[in-house]
Each structure stands twice: as structure tokens, then as C-alpha cells.
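Q: next comes the sequence, and after it the predicted model I'd like to discuss.
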Amino acid sequence: MFDCSQRLQFAPQSSRLTGEMRLALRHGEFCHVPFCPVCSRRRSLRWMRRLWEALPKLLAEHPTARWLFLTLTVKNPPVGELRETLKQMNAAWERLTKRKEFAPVLGWLRSTEITYGNVPGGCHPHFHVVLWVPSSWFKR
């Protein structure tokens, strides 16, 4: 991670929307480590672009659907147990998505976040989830 994005090559590019010239990244050397702040930011931008590209079609197919934000967490484990805790959390998510109560969900986006709290040697893994549900979800 220390050497991530040390070499970046930029080139001028015209904007598709305005025609204005700006610098665009042409080549970069990135570490691709999941916890690298630079690589995490780039990954989130790619996912955001994919969502924005798909959003018009999704909204046309389900114009009354609504978004819900959900945070799922577990008791804070020691850092040494983080890998096993994440495996258990991912397995629990898979079980949740296969339940019949989850069937009405039209789609979802999930992100794993790990923060480090006030307890020395402890961490706080949790999922941030955006659920896309039909408007009928709120009538029950």
C-alpha cells in the first residue's frame, strides 16, 4: 500500500458533455489492496458509475420502488479474529438473502466497513446495505 499510486500518467481529454479540455488519468500503478484508501476510493467510484448507468433502466422498470438504508453489525471482535468474523458475516448475509422474507427485495448494494474504536486491539466490522424494495413493502 505504501507505493500505491506513486506513478500516475495524465493526458488531456475533452469532456463528452461540455467539450472542455481537462486532464484524465491514462496510466497508474495501484496496489489493489482492499483496505488501501486510494484503491477503495477508485473501487467505490467504479461502482457508483455502474449504478448511475443502470439507474434509468431500473427506475423505468419499477417506478414506484423505494430505497432503504440498513446497517448490520456484530459484537466488536479482536483484530486477530477479524477474518473469521467477516467469513461468518458473509455467510449470514447469504442466508438472509435466501429467506422467503427477503424475496420481495428487487435489488441491493452492500459495502463492508471496518472501523477501529476506543478499545485497544478491537475493531468494528459492519455492513452498509441499500435495499431496493417495492412500495408494497410499506403496506404490511
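A: Yep, it's here.
Q: state the pLDDT value of the residue lying closest to residue 126 once chain neighbours are set aside.
A: Using C-beta to C-beta, 6 or more residues apart in numbering and skipping residues adjacent in sequence, the residue nearest residue 126 is residue 73, 3.8 Å away. From N, CA and C alone the C-beta is placed, and that goes for glycine too. Note for residue 73: predicted pLDDT of 94.
Q: residue contacts, residue 73?
A: Residues near residue 73 by C-beta atoms under 8 Å, 6 or more residues apart in numbering: 124, 125, 126, 127.
Q: relative to whichever helix or strand residue 126 is part of, what are the paired strands and their orientations?
A: Applying DSSP states H and E as the criterion places residue 126 in strand 124-133. Applying DSSP bridges, strand 124-133 is found paired with strand 66-73 (antiparallel), strand 107-115 (antiparallel).
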